[in-house]
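K.L.:
Structural data only, the sequence is not supplied:
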């Protein structure tokens, strides 16, 4: 960097520093990260494909707060597979970070003890070949998402376009291939 450029940067930093704290506005489109079905901490047998990752992560959080780590692990795995599927079908790539935001929001309220216990349960289940195979079989039984991914679509920049998003979903989306890819790349399900 030359001396003139360094001086300009220094002046801009000094001017900004004297302006006071930066004002940050958080814009949120209706439906962004929205959980539409209130789901308690439930076992996998009570789940079906209508629950979005927003619903599932919220339920997972309830399980962790209740020290019910086995259902929490399953809810986490199903939400992750569904989230991966949604990133494959939602056209607006800026919306894809919705899953990471949901995970952070859910984990933010865990005490260090609960977070450690959840991670231990996660490793015990998904880190074992038998636990992973059982989880994958149960997710396959439930099947691919049966909902419209509004929670994710509304999280992207396309939700703020004056004329609405250009396209909500990927044109020519191959649902069976995306389902297989989601199972393969998120959980690395064996033999599916």
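P.N.:
All right, it came through fine. In this text the structure is predicted, and so the values were computed from the model without any measurement.
K.L.:
So which residues of this protein form helices?
P.N.:
3-18, 53-65, 69-89, 98-107, 112-126, 129-142, 150-153, 175-182 (DSSP state H).
K.L.:
From the contact counts, what lies against the fifth one?
P.N.:
Okay, so that is helix 112-126. helix 53-65, helix 69-89, helix 129-142 (3 or more Cβ pairs under 8 Å, 6 or more residues apart in numbering; DSSP states H and E). Using the backbone N, CA and C atoms, a C-beta is placed for each residue, glycine as well.
K.L.:
Equivalent analysis for the last one, please.
P.N.:
Applying 3+ Cβ pairs under 8 Å, 6+ apart, we find helix 175-182 packed against helix 69-89.
K.L.:
So for the helix it packs on, what gets flagged as buried?
P.N.:
Counting neighbours by 16 or more other Cβ atoms under 10 Å, one finds that the buried residues in helix 69-89 are 69, 71-89.
K.L.:
swap in stretch 176-192?
P.N.:
Applying a neighbour-count criterion of 16+ other Cβ under 10 Å, one finds 178-179, 182-183, 186-187, 189 buried in stretch 176-192.
K.L.:
Could you give the average pLDDT over that stretch?
P.N.:
The predicted model assigns stretch 176-192 a mean pLDDT of 93.
K.L.:
By mean pLDDT, point me to the weakest helix or strand of this structure.
P.N.:
None of the helices or strands of the chain scores lower by mean pLDDT, DSSP states H and E than helix 3-18, at a mean of 41.
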